[in-house]
Structures are given as C-alpha cells and as structure tokens.
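Novice: Task: produce atomic coordinates for the following.
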Amino acid sequence: MGQNRVVITGIGTVNPLAHDAEGFWQAILACKLAPSANELFDASTYPTKFAAQVRNFNLADYLTGESLQRHKTAGRHCQFALAAAVEAWKMSGLENCQNLNHERLGVYLGSGEGSLDFDNFIAAILGSWNGNGIDTVKWAQLAMKSMNLHRELEQESNMVVSHLAGEFNAMGPAFNVLTACAASTQALGEATLQVRNGLADVMISGGAHSMIHPLGVTGFNRLTALSQRNDDMPHSSRPFDLTRDGFVLGEGASILILENYEHAKARGAKMLCEVIGYGASADAFRITDQDPAGDGAAAAMRAALTDAELSPKDIDYVSAHGTGTKQNDQVETLAMKQVFGQTKQEVPPVSSVKSMVGHLIAAAGATELITCILAIRDQILPPTANLHTPDPDCDLDYIPNAPRKAHVDICMSNSMGFGGQNNTIIIKKI
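Specialist: Alright, predicted model coming up:
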C-alpha cells in the first residue's frame, strides 16, 4: 500500500431498483426484481423484449436553478450520474467543507457512450432512399439538417466526467475509462491510486451507462449474451443457476466519494469504509471470451489481495461479477477456486446482485461495491435471486434467494469486461 489511506465518505446511486442508495439496499434485501418489458423503445420484434430500466426519474428532483439549466440537455446516463453524485456529495459532507482545495478534487469515471439519435438517423435513411438505394449526398444533407448538436456531443463517453467536474468545480485529475463491464471498478481502483499517491485529496468516482437502445440490444442479442426468457421476465436473470440463459441489460449510475483518510479525519467526516486493495489483469485470450480456466480473473483477485496485504482467508464475502451467462459464471467459479481453494468450504460466501438489478454494464461494478459497503454496515450479505436449480459446475455458496446475517469486515468485489479486462477491489470496515 502507498502513503495515503483511502476511505469512502459518500455513496449515491440511480438504478432500476431505486433512485438512492438506501432504497436500493432495501430492495436488494427484499429480493425485488427489476426486469420488465422494454418501455424505452419498441422491442416487440427483438429476441429479447425486456430490460432493467430506470423509471420515473426527474433530474429536477436533484438539481435546481442554474445547475438544472446547465445539465438539462445531458444524456440519460449522464443525468443519472449527476443525481447519484449529488446524493454521494451530500452524504460526504463536502458541501459544507469551507477549505476544500478544488484543484485537488478530481473525477475518475467508468462511463459509457450516450445513445445515438436514432429517430433522426432512420428518418435520414428513409428520406434518402430513391428506389435503388440510398442517395448518399441527400442522406448527408438530411442528416446534417436533422442532427441535434447536444445529442451528438453527449455520445462522447467523457461527457459524464465533464458534467460532474462542472457541477462540483472539480479542477483536479479528470479521467474516464470505458473498459466494458469492468469500467467503474477500474475507475474506482485508479481513483484510489490518485488519492493514495498524493495526486488528489478527494475523487468523485464510479460509473454510468445506458445501453437500452436498438443498437445496444441488437449487439448483445447478436452475441447471444442476453436472456430471452420473454415468458418470465422478472425471473430472467439467474446467475449460477443451471437454467440461466444470459444477462439482463440494465442502466443507471453509481457514484462514490473517495478521500484521503487524513483529509476526511480533519474535517470530521463519517467514513463508511476503507479501500485497501486493487488488482487488475488482462485475459489476453479473446475479445469476447474469458480464459476458460479463469486465469485472468484469478490474477486480478490475487493482485488485490497482495495490494491489501491480506491472505485469501481474510475475505468475508465476494461480490461476484455473476452475469448469468453460461461461460461467465463457470469461469468466475473456477477463478475463485484458484484463489481461495477447491472446495466450497474454502471459498467465502459469494453472490450476484445482477440477479435483481440487472447488468448496468459500465456502472455495474460501482453499484455492486455500494452493496459491499452496506453489507459491512449492516452485517448482512446480499443474496443471489432466482437460484433454484444448482449448476454442478457452479458449486460454491452463492447465498441463494435470501439475505444472510454474517460477520462481515472485509469484502472483495469483482468485475470482468469484454476485451479481457479484470478488476478487483477490496474494502474493509473502519
């Protein structure tokens, strides 16, 4: 570990189960299920007709006046991030910090691209069709005429960082990573290093994404990654279950405030937990497939344990990536056995909250880390919902279908992404 200790002083989330961290946690403990019929576009002709959507969201519930006007044209996922950041910022108490050095306040996110302007794009294609094909000159003219400047800008993945930096006057380090489903865990790990190495006092970190649009659903359907359980949408996300058939595409944002321990202590902040380990690795196998032996994921977990100066037996709970795809769940199980031991008794309890909230892609890891923080606070482990038919290849303790009281001081959270990215964070009670 480096010179500075790093603590978490604020958390916030907007996701398909709730628009705040406490509401989200209570929904998880109640095993509420987010998947339902897709209402963001007409998916009636798609193999997957459902998703885990954020409903009844209004940015005006979080921002007012000039701030609301400044961000009202922000993309959907960016607005989620702003709302989550407001919650985390208020919880941290930094809004009342009189001597905060804004040049040492940074932003490090794992956020995805915004959604394309599909209506105008399709209209331009149809308007340029001449019977034999597309008149490319006419198409370009129509596309330029119909283009919404703000929506085009919001397609850039770094726009979320820009909006958050502007809202909180963060003049320090500013970064965004888009390493698929590992993005927000990577962002949190790298933000930890910024504070640990003395490059910032406070980092606003986490992730945001919304891919519930025609291109996103089409892509994942073509990859055969999405569940097609259209006849039982609420129970479609089934990590580690023998009957699983893919993940459920979700959306949302989760933001955490990472802070130098001494900085937080000096201002009397309430510290939620301490970040003590971060590990990263690459599978170097295939761009869409994990190493079937789990070597890449195991390497990230071992690196995090080394960084935290812990042994595997010190971990009380593992928040799994746990997507509900056939390969991911088997590979992650093998990876955990590499790290902890080959028997169920040697591996700590494991669960996947994606079974309830869906897969938030770039925002998934940060959302799952919030459940680890609250598990430590309440000494209770979140469950894996919809786990009724055990898979013989997934033979660990996945905390099926109900939360469990337990002694929880140290949690590990795993994320894995297309392209072979693997990231692990370890937090402990403080």
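
Novice: Need the pLDDT of the spatially closest residue to Ala402 that is not a sequence neighbour.
Specialist: Nearest non-adjacent residue to Ala402, counting by Cβ to Cβ, 6 or more residues apart in numbering: Pro383, 5.3 Å away. Glycine gets a C-beta too; all of them are placed from N, C-alpha and C. Per-residue pLDDT puts Pro383 at 98.

Novice: cool, His77 as well?
Specialist: Per the predicted model, pLDDT is 94 at His77.

Novice: Against Met211, how distant is it?
Specialist: 9 Å (Cβ to Cβ, to the nearest Å).

Novice: Identify the contacts common to the two.
Specialist: Gly112, Glu251 (Cβ atoms under 8 Å, 6 or more residues apart in numbering).

Novice: So between those two, which is more surrounded?
Specialist: Legend: neighbour count by other Cβ atoms under 10 Å for His77 and Met211, higher for His77 (31 against 21).

Novice: chain center to the strand or helix carrying that one, what's the gap?
Specialist: Counting by DSSP states H and E, the element that carries His77 is helix 76-92. Helix 76-92 has its C-alpha centroid displaced from the chain centroid by 14 Å (Cα atoms, centre = their mean, to the nearest Å).

Novice: Would you mind measuring from the residue nearest to Ala402 to Ala34?
Specialist: 14 Å.

Novice: and the closest residue to Asp20 other than its chain neighbours, how many neighbours?
Specialist: Nearest non-adjacent residue to Asp20, counting by Cβ to Cβ, 6+ apart: Glu87, 5.8 Å away. By other Cβ under 10 Å, the residues close to Glu87 number 21.

Novice: could you list every residue that touches Glu87?
Specialist: With the criterion set at Cβ under 8 Å, 6+ apart, Glu87 makes contact with Gly10, Ile11, Gly12, Thr13, Asp20, Ala21, Tyr62, Ile255.

Novice: want to throw the residues you listed into JSON lines with pLDDT, secondary structure and distance to Gly420?
Specialist: Output for the contacts of Glu87, formatted as JSON lines (pLDDT from 0 to 100; DSSP: H, G, I helix; E, B strand; the rest coil; distance: Cβ to Cβ, whole Å):
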{"residue": "Gly10", "pLDDT": "98", "secondary structure": "strand", "distance to Gly420": "32"}
{"residue": "Ile11", "pLDDT": "98", "secondary structure": "strand", "distance to Gly420": "29"}
{"residue": "Gly12", "pLDDT": "98", "secondary structure": "strand", "distance to Gly420": "30"}
{"residue": "Thr13", "pLDDT": "98", "secondary structure": "strand", "distance to Gly420": "27"}
{"residue": "Asp20", "pLDDT": "98", "secondary structure": "coil", "distance to Gly420": "34"}
{"residue": "Ala21", "pLDDT": "98", "secondary structure": "helix", "distance to Gly420": "31"}
{"residue": "Tyr62", "pLDDT": "96", "secondary structure": "coil", "distance to Gly420": "36"}
{"residue": "Ile255", "pLDDT": "98", "secondary structure": "strand", "distance to Gly420": "26"}
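
Novice: Narrow the residues you listed to those that are buried.
Specialist: Gly10, Ile11, Gly12, Thr13, Asp20, Ala21, Tyr62, Ile255 (16 or more other Cβ atoms under 10 Å).

Novice: would you turn those into a markdown table with distance to Asp245?
Specialist: Below are those laid out as a markdown table (distance: Cβ to Cβ, whole Å):
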| residue | distance to Asp245 |
| --- | --- |
| Gly10 | 37 |
| Ile11 | 32 |
| Gly12 | 33 |
| Thr13 | 27 |
| Asp20 | 32 |
| Ala21 | 31 |
| Tyr62 | 36 |
| Ile255 | 32 |
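
Novice: tell me the strands in the stretch 51-200 of the chain, going along the chain?
Specialist: Using DSSP state E, counting those that start in this stretch, the strands of the stretch 51-200 of the chain run over residues 105-111, 174-177.

Novice: what about Trp89, distance to Thr333?
Specialist: Trp89 is 38 Å from Thr333, by Cβ to Cβ.

Novice: and the residue nearest to Ala364 when sequence neighbours are not counted, what pLDDT?
Specialist: Computed as Cβ to Cβ, 6+ apart, the closest residue to Ala364 that is not its neighbour in sequence is Cys181, at 5.7 Å. As predicted, Cys181 sits at a pLDDT of 95.

Novice: what's around Cys181, how many residues?
Specialist: Neighbours of Cys181 (other Cβ under 10 Å): 28.

Novice: wait, doesn't it sit right on Met416?
Specialist: Yes. The criterion here is Cβ atoms under 8 Å, and Cys181 meets it with Met416 at 6.4 Å.
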